[in-house]
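S.K.: sequence first, then the predicted structure, then my questions.
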Amino acid sequence: MARNKKTTAAAENTTDSESQISLQETVGLSQGQIIRKRFFRHKPAVASLIALILIGVFVFSASGIHLGTEDHPITIPGWWKFGITEILDSNFCQTSVGCPDAAHPFGQDPIGRDYFALVMRGAEQSIMVMLVVGLIGGILGTIIGAVSGYFRGWVDAVLMRFTDFIITIPSIIIGAVIGFKFGNLGVVALATYLGLFSWTGLARLVRGEFLSLREREFVDAARVAGASNRRIIFKHILPNAMGVIIVSVTLMLAGAILLETALSYIGFGVQAPDVSLGSLINDYQDSFTVSPWLFYWPGVLIIGIALCVNFIGDGLRDAFDPRQRRHITRKELLKATFKTPSAPDTKRTVETEI
Amino acid sequence: MFAFIARRIGIVLLILFGSSFLVYNLEALSGDPLSELRTSSAKNKEFLIAQMTRQLQLDVPPPLRYFHWLQGVLGVFTGHPDLGKTRNGLLVVTEISGAIPTTIRLVLGATILAILLGITVGVITAIRQYSRLDYTMTFISFLMFSLPIFWVAVLLKQYMAIEFNNFLASGQITLPWIFGASVIMGLVIAGLVSGSRKRVLSLFGITFLATAGLLFVVNLTDWVLKPGLGIVGVGLIVAGIAAGISSIIVGFENKRVLYASLTVALATISLYFPINAMWSAKHLNLLGMLAPLLIIFAVAVATPFIFTRVDRGSALRTTVISAAFASLFMVIDRMQRTWFVYSNADGIDQRPIPTIGTVSVRLDSHNFWILLMDAFVHVLLPTVALTLISFAGYVRYSRASLLEVMNMDYIRTARAKGLSERTVIVRHALRNAMIPLTTLMAFDFAGLIGGAIITETVFGWHGMGTLFRNAISSQDLNLLMGVFAITSFMAVMANLIADLLYSALDPRIRVGN
C-alpha cells in the first residue's frame, strides 16, 4: 500500500514537471519557431538535410537540367565536360575496360561512355521525379482529403470511393498506355502520372485529421465569426494538419524515388537513350564481378537520397508531433520519488525529452 | 453490422466493375496486339491475322468486348469462371492457378518473417527508446527502407550464394570472420541491456568469448559441412525457449506455467527418436511429416489443464508457442542432417545455394527431405531480400505505435497500481499497440499475390508478377485482366477486412454509422 502511494505521488510530480517543461520550452515562441527549434535538435535529420541539399546542388550543377521531349529538348548544360551519349576511348585495366581514373572519376561503361555523366543524369532524373511526385501527390492528396473530411456526407462518400477506385488501378498499366500513345515524353511526364496515382494514402490521412479537427472549438469560433468554408479549411484547419501532411509527403518522396527506379528497372520507366538510376543498375547488374563501379554508384546514390529523405521525415515528425514524448520508466518514477523532494529536476528531463 | 458489410461489398463490386472497365479499355488502347503479325514475313500472314482476330475477338470494339469478358468472370458464381484465353491459346485460369502457388511460396515466408522480426525489434527499440540499440536499429531500418530490392538482390547473389558456395569448399571459418562475428554478437547483446558501464562491458566480454568459442568448435567439428543439433542441442534450445516464452508471457514467478512449458520441452526430447524414425519412412509426404509433430501439440494442449487452475488461457498460449518452436527445431535438426547429403548430391555438386530459379533441374531424387531442402535453398535468397525490405516498415510502425500507447493514461494507471513492468508492457501496452498494425498486415497479405514483380524478375521465378509483366509487354489483354481481377479483388477485400478487424479489436471504433 505504502509503495503505491509513493508511486502515485511521483506520478503527480512528474506530471507537474512535464507541463512545466513544455511551458518553459515553448513560452514566447510562435508555432513555427517551436517546430524549427525541435527540428534542429534532431541531429540526424539536420545532417540529412544538409547532405541532401549538397547532393542536389552537386547533381544539378554537374548534369544540368533536361526537360521536354526527345524532339523538343529544353536543356541547361552543367559543368561536367562529357555528355551521356558521347562515346570515348577507354583505357584497359586488369579485369576489364574503363576503370575509374583522373579523367573519368566513376569510370566508363563497356561502350566507352563516361559513367560520371550517366550517373549524374540518372540522379537528376530521379530527383526530378521525386520532386514532381511530391508536389502533385501532396497537393492532390491534401485537397481531396481536406474536402472529404471537412464536408463529410455524400462528398466524402464519393471522394473516398474514388480513392479506392484509384488504388485498384496499377500505375504500370497507365505508364504502358502513356508510353504507347504518346511515345517517350521524358521524365516529367512519367513523374506526373506517378504523382496522379500516389496521393491516395495521403488523402486518407488528411481526411482522418480533418474529421477530428472540424469538431474543435476554434473551428466553431471561426464559423460563428462568419468565415467562409474555404477560409476555415485553408486558414484554420490546414495549418493544424500540416504535421501529418509533411511527414506523409516525405515518405511519399522516398517511395517515389524507389518506385521510379523500380519501374525503370523492369523497363516501364525512363526510356533509353535517357537514363535513370534504376535503368543504370538494370543495364549493368551483370558486370558486378568485372566492373563493380558500374553497379555501386547508382545504388549508393539511390540509398543516399532515400536515406536522407527518410531521416528528414523522421525529424519533421518529431518536430510536429507534440505527443512524441519520452515515456517515463518505473525506475525514473522511483528515482523522482526519493531524490527530488519538492522541485522536480527539470534541467535533466529537458535534455532527455527530445 | 450485416447491413454495413453488405453495403460495403456492394460498393466494392461497383468499384471493381469501374476499375476493370477502365483498365480493360486503357490496355486495349495501349497497343496493337497484331503489330507483330502485321510486320511478319510469313506467307500465311493474312490467315494468321484473321485467326488471331477471331481468337481474341478483335473485331468487337473494346467496350463491348469487356462485357463479354465480364460475363465469363461472373461464372465464378456458378463455379465455372472463364477468364478467356491468352494469345498462345492457353486458358488464363490455368496460367494463373499455376502462378499463384509459386508467388505464395516466394512471398509468404518473407512476409511472416518480416512481421515477426519487425514487431519484435520494434517493441525492443520502443522499450529501450533513445538507447544505443535504438539509434542503431533506427539507422538500420531507415537504411533498409531506402534499399532498392534489385540492388540488394545482386549483392545477395554475390555474397550469400557465390561467395558462400566458395567458402563451403573448405567449410572452415577464418580467424578474421570469427573475430568480427564475435564483436558484432557482443555489441548486440551488450546493447540490449542497460546498467553500469562495468556490467555492459562484462556482458560484452562474456558474449565475445562464448561466440568465439562456439565458432572454434564449429570449425573443429566441421559443423558447416555436416551440421546437426542432435538430441542434446534440440533439448537445450527448446527448454531455453520454453522458459523464455513463459517468462515473457506470464513471468518467472508463475512456476506452474513454467513447469507446463518445460513439460512440452521434455516431451519433445523423449519423442526425438520416435519422430525421427517416422520421418525416415520411405514415401514420406508433407502430411506424414507434420503428423508426428501433432503429438507435441497434443501435449502442449493437455499440460495447462494438468498444471494450472487459474488463467489457463495464457498458460495454453505459452505451451502452444513452445510447441511451435519445438516442432520448428525438430525440423531444422532433420534438415541440417540432410544438408551434407544434399550438397553432395548429383546436380548440386557442392554449390548448394542457387542464385536463380525455383528448383534444381539436374537434381534427381525422390527423397522428401532432399526435395524440401531444394525448395528451401531456392526460396532462401528471395526471402532474405524481401524480408530486409519489408522488415523496416514493421519496425518503424510497431515502435511508433508502442511509444504512443506508452504515453497513455491507462499505462500510468497500470504502473501506479503496482503491476510489474512486464505485465504493463505485455498485457496493457502491447495489445493496444498492435491494433493499428492489423491494417498494415491485411494489406501486406493482400499484396502477396500481386506484389513481387521485381523480386520475381531478379530471381527468375514465374509467378503472378512475371505473368503481369509479360501480359503488359506482349499486350495479352485476357491474361492481364485475369491477373488484375485477382489482385484488385484481394486489395479491396483486404481493405474491408482491415476495417472489420479494426472495429472488432478496438471497441472505440464502430462501423456502420
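M.R.: The structure has been received and is ready for your questions. Residues are numbered from 1 along each chain as shown, chains lettered A, B, ... in the order given.
S.K.: where does the prediction get shaky in the chain?
M.R.: The chain I'm using is chain A. Along chain A, the model assigns pLDDT under 70 to residues A:1-26, A:68-73, A:94-95, A:176, A:179-184, A:321-354.
S.K.: my question was about chain B, not that one.
M.R.: B:194, B:449-451, B:509-513.
S.K.: if we go to 50?
M.R.: Residue ranges of chain B with pLDDT under 50: B:513.
S.K.: from it, which residue is nearest to chain A?
M.R.: Relative to chain A, the nearest point of chain B is B:Ser146 (3.3 Å; C-beta to the nearest C-beta). All C-beta spots, glycine's among them, are computed from the backbone N, C-alpha and C.
S.K.: leaving out chain neighbours, which residue sits closest to that residue?
M.R.: Leaving aside its sequence neighbours, B:Ser146 sits nearest to A:Ala306 (C-beta to C-beta, 6 or more residues apart in numbering or on different chains; 3.3 Å).
S.K.: name the helix or strand for B:Phe17, please.
M.R.: Counting by DSSP states H and E, the element that carries B:Phe17 is helix B:2-29.
S.K.: how close does A:Phe320 get to A:Val224?
M.R.: 28 Å (C-beta to C-beta, to the nearest Å).
S.K.: more neighbours: those two, which one.
M.R.: A:Phe320 (20 against 8; other C-beta atoms under 10 Å in any protein chain shown).
S.K.: check contacts around the more buried one.
M.R.: Applying C-beta atoms under 8 Å, 6 or more residues apart in numbering or on different chains, one finds that A:Phe320 lies in contact with A:Ile35, A:Met242, A:Gly243, A:Val244, A:Ile246, A:Val247.
S.K.: from the contact counts, what lies against the helix or strand hosting the first one?
M.R.: What that stands for is A:Ile35. A:Ile35 is part of helix A:31-41, with elements assigned from DSSP H and E. Judged by 3 or more C-beta pairs under 8 Å, 6 or more residues apart in numbering or on different chains; DSSP states H and E, the packing partners of helix A:31-41 are helix A:2-26, helix A:43-63, helix A:292-320.
S.K.: dump the second one to CSV, keeping only the CA atoms.
M.R.: Output in CSV follows, covering the C-alpha atoms of helix A:43-63 (Å, rounded to 0.1, in the frame of the first residue of the first chain):
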residue,chain,number,x,y,z
LYS,A,43,20.8,15.9,-35.3
PRO,A,44,20.4,13.0,-37.9
ALA,A,45,17.7,15.0,-39.6
VAL,A,46,19.7,18.2,-39.8
ALA,A,47,22.7,16.3,-41.1
SER,A,48,20.5,14.6,-43.7
LEU,A,49,19.0,17.9,-44.8
ILE,A,50,22.5,19.4,-45.3
ALA,A,51,23.6,16.2,-47.1
LEU,A,52,20.5,16.2,-49.4
ILE,A,53,21.0,19.9,-50.3
LEU,A,54,24.7,19.2,-51.1
ILE,A,55,23.8,16.2,-53.2
GLY,A,56,21.1,18.1,-55.0
VAL,A,57,23.3,21.1,-55.8
PHE,A,58,26.1,18.9,-56.9
VAL,A,59,24.0,16.7,-59.2
PHE,A,60,22.1,19.5,-60.8
SER,A,61,25.2,21.7,-61.3
ALA,A,62,27.1,18.8,-62.8
SER,A,63,24.5,17.4,-65.1
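S.K.: would you pull up how far the helix or strand that comes right after it lies from the middle of the chain?
M.R.: Sequence-wise, the next helix or strand downstream of helix A:43-63 (DSSP H and E) is strand A:64-68. Relative to its chain's centre, strand A:64-68 lies at 22 Å (C-alpha atoms, centre = their mean, to the nearest Å).
S.K.: cool, stretch B:169-183 as well?
M.R.: Worked out by C-alpha atoms, centre = their mean, stretch B:169-183 lies 29 Å from the chain centre.
S.K.: buried stuff in it?
M.R.: The neighbour-count check on stretch B:169-183 (16 or more other C-beta atoms under 10 Å in any protein chain shown) flags B:Ile173, B:Ile178, B:Ala181, B:Ser182 as buried.
S.K.: show me what contacts the third one?
M.R.: In other words, B:Ala181. B:Ile173, B:Thr211, B:Leu215.
S.K.: got phi/psi on the closest residue to the last one other than its chain neighbours?
M.R.: Going back to what we said before, that points to B:Leu215. Spatially, and ignoring its direct neighbours in sequence, B:Leu215 is nearest to B:Ile178 (4.6 Å; C-beta to C-beta, 6+ apart). Main-chain dihedrals, B:Ile178, degrees, to the nearest 10: phi -60, psi -40.
S.K.: what do you get for B:Thr221?
M.R.: phi -90, psi 0.
S.K.: the helix holding B:Phe17 packs against which elements?
M.R.: On a contact count with 3+ C-beta pairs under 8 Å, 6+ apart, helix B:2-29 meets helix A:153-168, helix A:171-182, helix B:62-73, helix B:477-505.
S.K.: what distance do you get for B:Leu13 to B:Asn495?
M.R.: Applying C-beta to C-beta, the value for B:Leu13 to B:Asn495 is 13 Å.
S.K.: between the two, which one's more packed in?
M.R.: Relative neighbour count places B:Asn495 above the other of B:Leu13 and B:Asn495, with 20 against 12, counting by other C-beta under 10 Å.
S.K.: and the spatially closest residue to the more buried one that is not a sequence neighbour, how many residues sit next to it?
M.R.: Distances taken as C-beta to C-beta, 6+ apart put A:Asp164 closest to B:Asn495, at 6.8 Å, once the chain neighbours are dropped. Here the number of neighbours of A:Asp164 (other C-beta under 10 Å) works out to 21.
S.K.: need the contact list for A:Asp164.
M.R.: B:Ile11, B:Val12, B:Ile15, B:Val492, B:Asn495.
S.K.: now chain A against chain B: closest residue?
M.R.: A:Ala306 (3.3 Å).
S.K.: who's in contact with that residue?
M.R.: Residues near A:Ala306 by C-beta under 8 Å, 6+ apart: A:Ala254, A:Ile257, A:Leu258, B:Phe145, B:Ser146.
S.K.: doesn't A:Ile312 make contact with the first one?
M.R.: Spelled out, that is A:Ala254. No: using C-beta atoms under 8 Å, A:Ala254 is not in contact with A:Ile312; the gap is 9.3 Å.
S.K.: get me the contact residues on the stretch 301-450 of chain B for chain A.
M.R.: For the stretch 301-450 of chain B, the residues in contact with chain A (C-beta under 8 Å from any C-beta of the partner chain) are B:Leu403, B:Glu404, B:Met406, B:Asn407, B:Ile411, B:Arg412, B:Arg415, B:Ala416, B:Lys417, B:Gly418, B:Glu421.
S.K.: can you flag the buried ones in the residues you listed?
M.R.: Looking at those with 16+ other C-beta under 10 Å, the buried ones turn out to be B:Leu403, B:Glu404, B:Met406, B:Ile411, B:Arg412, B:Arg415, B:Ala416.
S.K.: my read is that the first one contacts B:Arg128, right?
M.R.: Looking back up the chat, that one is B:Leu403. No: in this structure, B:Leu403 is not within contact of B:Arg128 by C-beta under 8 Å, at 11.3 Å.
S.K.: quick check: residues of the stretch 51-200 of chain B near chain A?
M.R.: Within the stretch 51-200 of chain B, the residues that sit near chain A (C-beta under 8 Å from any C-beta) are B:129-130, B:138-139, B:142-143, B:145-151, B:154, B:158.
S.K.: nearest to B:Ala452 among those residues?
M.R.: Proximity of those to B:Ala452 (C-beta to C-beta) peaks at B:Ile149, which lies at 8.7 Å.
S.K.: neighbours around the closest one, how many?
M.R.: B:Ile149 has 22 neighbouring residues, counting by other C-beta under 10 Å.
S.K.: cool, and B:Phe164?
M.R.: Counted with other C-beta under 10 Å, B:Phe164 comes out at 14.
S.K.: that older thread, and the gap between the residue nearest to B:Ser146 and A:Ser264?
M.R.: From A:Ala306 to A:Ser264 the distance is 15 Å (C-beta to C-beta).
S.K.: what does B:Val232 give?
M.R.: 53 Å.
S.K.: list the contacts for the closest residue to A:Gly315 other than its chain neighbours?
M.R.: In space, and not counting its chain neighbours, A:Gly315 is closest to A:Ala45: 2.3 Å by C-beta to C-beta, 6+ apart. Applying C-beta under 8 Å, 6+ apart, we find A:Ala45 in contact with A:Phe39, A:Phe311, A:Ile312, A:Asp314, A:Gly315, A:Leu316, A:Asp318.
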